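Asker: Pasting a predicted model and its sequence here:
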Amino acid sequence: MMEQWLESAPSWSNIALFFGLGALLLAVVLAFVTYSILAERKVMGFMQGRIGPNQVGGRFGLLQTVADVLKLLLKEDTIPKAADRPLYVLAPVIAFAPSFMVLAVVPFTDAFRFADLGVGLLYYIAVSGLTIVGVITGGWASNNKYALLGGMRAAAQMISYEIPLVMSALGVVLLAGSMNLVDIVNAQQDVWFLFAQPLAFLIFLIAAVAELNRTPFDLPEAESELVAGFHVEYSGFRWAFFMLAEYVYMFAMAALITVLFLGGWHPVAFLGWIPGAVWFALKFCAVVFVFIWFRATFPRVRADQLMEFAWKVLLPLSLANIVLTAVVKAWFF
Amino acid sequence: MSGTDIAFFLLALAAIAGAVMMLQLTNVVHMVLSLVMTFLAIAGLYVLLSAEFVAVVQVLIYSGAITIIMLFAIMLTRHHADDKERQTTGGVGHKAAAAFAVLAFGLAVYAGIRTLDFGADGSALPADNAKAIGQWLYSYYTIPFEIVSVLLLVALIGAIVLAKKDGKGAEDE
């Protein structure tokens, strides 16, 4: 059905339809963000022997995040006097917009997807790289040394880890013979790339956590050294936008890992009677859980360890993985 | 006017506006950000020409490159938010000459491209253009491609050698 809409002639009703679908996806993503924050707090509470939110919205704190967001929206919107006003206002927008744009190429099921792009994987990587411009703009425009340091760290980290991220995904591209995410999922009909490319999966997972600025790689927001990182001066709605971008990226990255390594909407073995959307959601939730688990159990790395790890460990490993994959593909397929 | 035309004019306007802002603004970070606008608009133009691969690579390369430029701009230039930039304004003669030059350049370019034939339109390109580019690059254009990679390698090693020498000199001091 989606396919027909995508290929139909342009008209006003089409624009309305696509706008509606986009808004629907945004609503889904916002719901995800709301409950992933709650899930994060609950899971971390469980792992640390605490209870977590349990007051607002019943025993499980179901309305805790809603209340938090409401509080954020009512907060005073402060702009420091010495800040660069236009860029300070623009930065959260530059940071958030790409995070939602990348979702366009992620195929959720074989029927529900927005764009069937031949260079889908590259599109994701390219557009997600734009967020860093927003982060460093925000850090600079705040005119605060901690914000600037956070922005600088974010830039160094995201550029360094983008390289192993792409290099490890190349192994998958080699095996699937395509950068189209739909083709990549279809190539995993029999064997998930998690099993065909275990090394690539590990590297990708590590680099993905670093790209998401999550513990153990949350140096740009290391509160013990930088107060809060690049968004020190932000408050209220604008701060919420930075946080939103972060969690939408978590959504996008979990979806991308599901698509690249966990076989997307393909079912496990004989359980084909369960619809693809459910399978996608299950795998997706597992990846999100792993992210939260990492956050609760790993200590933060130092800045020099971070850079060394990317350039001296992950990059050579991912290059070796590409060579290995090429050799295996040339000889055995 | 079709949707493509509207998109083209919006993107072209954004690209030119970014370029003009880049020249007009005085703060170096603002300039870098207007450069982002130009590059993104140009990526959009590539999409309109159905060259998706080039468009995506444009964004991929320049988003990293621009971030680095921005870092250098922040680190290597003095930043005083309240510094009033010196305005260099020429006399009426200068302005008139500049206006004349811009107009003449515009007319010359217009005369040059008015009858230019770009050949078949982009829709004739293969739909899978990443694959097509790869096949051309590794069959017909192998030697130039390899030479470019050697050149880049030389540049990389040169940069490392230069940076290393600097470090030793600094230690001696």
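Answerer: Good, I have the coordinates. Residues are numbered from 1 along each chain as shown, chains lettered A, B, ... in the order given.

Asker: From now on I want contacts and neighbour counts done on CA atoms only, so please keep to that.
Answerer: Will do.

Asker: Count the neighbours of residue A:46 for me.
Answerer: 13 (other Cα atoms under 10 Å in any protein chain shown).

Asker: quick one: contacts for it?
Answerer: Residue A:46 is in contact with residue A:52, counting by Cα atoms under 8 Å, 6 or more residues apart in numbering or on different chains.

Asker: check which helix or strand covers it.
Answerer: helix A:12-47 (DSSP states H and E).

Asker: quick one: buried residues of stretch A:318-330?
Answerer: A:318-322, A:325 (16 or more other Cα atoms under 10 Å in any protein chain shown).

Asker: First-to-last residue distance for stretch A:230-243?
Answerer: 12 Å (Cα to Cα, to the nearest Å).

Asker: what is the mean pLDDT for it?
Answerer: Taken as a whole, stretch A:230-243 has an average pLDDT of 84.

Asker: same check, this time on stretch A:294-310
Answerer: 84.

Asker: Quick one: distance of that stretch to the chain centre.
Answerer: The chain centre lies 18 Å from the centre of stretch A:294-310; the measure is Cα atoms, centre = their mean, to the nearest Å.

Asker: ok, now stretch A:173-192?
Answerer: 20 Å.

Asker: what's the span of that stretch from first residue to last?
Answerer: End-to-end for stretch A:173-192, by Cα to Cα: 13 Å.

Asker: contact partners of that stretch?
Answerer: A:105-107, A:110, A:116-122, A:172, A:259-266, A:325-326, A:329.

Asker: For PyMOL, write the select line for the buried members of those.
Answerer: The buried residues among the contacts of stretch A:173-192 can be selected in PyMOL (16+ other Cα under 10 Å) with this line:
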select buried, chain A and resi 105+106+107+110+116+117+118+119+120+121+122+172+259+260+261+262+263+264+265+266+325
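
Asker: Relative to residue A:321, how far out is the residue of chain A found nearest chain B?
Answerer: Nearest residue of chain A to chain B, counting by Cα to the nearest Cα: residue A:126, 4.1 Å away. For residue A:126, the distance to residue A:321 (Cα to Cα) stands at 22 Å.

Asker: Please apply the same query to residue A:225.
Answerer: From residue A:225 to residue A:321 the distance is 36 Å (Cα to Cα).

Asker: Now, the contacts of stretch A:173-192 that are in helices?
Answerer: A:120-122, A:172, A:259-261, A:325-326, A:329 (DSSP state H).

Asker: which one of those is nearest residue B:40?
Answerer: Proximity of those to residue B:40 (Cα to Cα) peaks at residue A:122, which lies at 15.3 Å.

Asker: How confident was the prediction at the closest one?
Answerer: Predicted confidence (pLDDT) for residue A:122: 86.

Asker: right, and it touches residue B:56 too?
Answerer: Yes: contact criterion Cα atoms under 8 Å: residue A:122 and residue B:56 qualify, at 6.6 Å.

Asker: burial measure for residue A:80, as a count.
Answerer: 15.

Asker: Please name the nearest non-neighbouring residue to residue A:298.
Answerer: residue A:216 (5.6 Å; Cα to Cα, 6 or more residues apart in numbering or on different chains).

Asker: State the distance from that neighbour to residue A:292.
Answerer: Counting by Cα to Cα, the gap from residue A:216 to residue A:292 is 11 Å.

Asker: what about the residue of chain A most remote from its centre, is that helix, strand or coil?
Answerer: Outermost residue of chain A with respect to the C-alpha centroid, by Cα atoms, centre = their mean, is residue A:331; its distance is 35.1 Å. On the three-state scheme (DSSP: H, G, I helix; E, B strand; the rest coil), residue A:331 is labelled helix.

Asker: can you pull the pLDDT of it?
Answerer: 82.

Asker: What of residue B:15?
Answerer: Per the predicted model, pLDDT is 91 at residue B:15.

Asker: in what helix or strand does it lie?
Answerer: Secondary structure (DSSP H and E) places residue B:15 in helix B:3-24.

Asker: what about residue B:103, how many neighbours?
Answerer: 12.

Asker: Residue B:15 too?
Answerer: 24.

Asker: how much space between it and residue B:35?
Answerer: Residue B:15 sits 9 Å away from residue B:35, going by Cα to Cα.

Asker: Identify the contacts common to these two.
Answerer: Counting by Cα under 8 Å, 6+ apart, no residue touches both residue B:15 and residue B:35.

Asker: circling back to that earlier point, and the residue nearest to residue A:298, how far from residue A:88?
Answerer: With Cα to Cα as the criterion, residue A:216 and residue A:88 are 28 Å apart.

Asker: Which of these two has more residues huddled nearby?
Answerer: Each of residue A:216 and residue A:88 has its neighbours counted (other Cα under 10 Å); residue A:88 has more, 23 against 19.

Asker: Quick check, the more buried one in contact with residue A:143.
Answerer: No: judged on Cα under 8 Å, residue A:88 makes no contact with residue A:143 at a distance of 9.4 Å.

Asker: give me the number of residues near residue B:76?
Answerer: By other Cα under 10 Å, neighbour count at residue B:76 equals 9.

Asker: what do you get for residue A:19?
Answerer: Using other Cα under 10 Å: residue A:19 sits among 12 other residues.

Asker: give me every residue that touches it.
Answerer: No contacts exist for residue A:19 under Cα under 8 Å, 6+ apart.

Asker: what mean pLDDT does the longest helix anywhere in chain B have?
Answerer: As assigned by DSSP H, the longest helix anywhere in chain B is helix B:142-172. Here helix B:142-172 scores 80 as its mean pLDDT.

Asker: that older thread, helix or strand right after the helix holding residue A:46?
Answerer: Defined by DSSP H and E, the subsequent element after helix A:12-47 is helix A:64-74.
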